[in-house]
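Participant: build me a structure from this.
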Amino acid sequence: GNTCRSPMAEALASSLAPGVVPAGMTIEASSAGVAAYDGAPATREGLEALAEMGVNPSTSHSSRALTRAMLEEADEIYALTRSHRDAILSLDPTADSRVHLLDPAGGDVSDPIGGSAEVYRQTAAQIAEMVHTRLSTPPSPT
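Facilitator: Residues are numbered from 1 along each chain as shown. A predicted model of the protein is given here:
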């Protein structure tokens with residue numbers, strides 16, 4: 001739905017990139033959902049979890065549906081679950097070599113929607129670790 005995990009991953013990538021990627025390299029992170037409708041804000045719990053980590057998330061986040069044009073523009077695409085990856089490839093099979101799971105170990109990132117503040121904190125910490133790893137190392141085939 002592009003209101004929980006993806007906005008957290010986007011904010012974390014933008015926050016962590018300056019300290020991780022090589023000098024001279026820039027990272028532009030953006031998020032979209034494979035089952036999203038346009039215009040929903042990021043969850044309050046997700047924003048609070050990021051703020052507790054010292055990440056200043058965009059409070060102006062507005063959900064948006066993933067499009068083929070977005071996929072064509074992206075150098076690398078990180079999906080939060082295997083089913084998201086499958087949906088991305090259904091939308092654009094030519095993106096196969098650029099679509100990776102965010103989890104370098106190949107696992108899914110659980111959706112915290114409806115969970116407690118602690119669940120959101122745990123999800124944000126998990127995503128932060130995965131984002132840090134992905135920014136620090138080149139993607140591996142999935």
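Participant: pLDDT below threshold where in the protein?
Facilitator: Where the chain drops to pLDDT under 70, the residues are 138-142.
Participant: where do the strands of it begin and end?
Facilitator: Counting by DSSP state E, the segments of the chain that form strands are 77-79, 99-101.
Participant: could I get those in JSON lines, plus columns for distance to residue 40 and mean neighbour count?
Facilitator: To be clear about C-beta, it is placed using only N, CA and C from the backbone, and glycine gets the same treatment. JSON lines is the format used below for the strands of the chain (distance: least, CB to CB, whole Å; neighbours: other CB atoms under 10 Å):
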{"stretch": "strand 77-79", "distance to residue 40": "19", "mean neighbour count": "23"}
{"stretch": "strand 99-101", "distance to residue 40": "24", "mean neighbour count": "20"}
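Participant: between these, which one is closest to residue 121.
Facilitator: Of all the strands of the chain, it is strand 77-79 that lies closest to residue 121, at 20.9 Å by CB to CB.
Participant: elements contacting the longest helix along the chain?
Facilitator: With secondary structure taken from DSSP state H, the chain has its longest helix at helix 117-136. Packing partners of helix 117-136 (3 or more CB pairs under 8 Å, 6 or more residues apart in numbering; DSSP states H and E): helix 5-20, helix 44-52.
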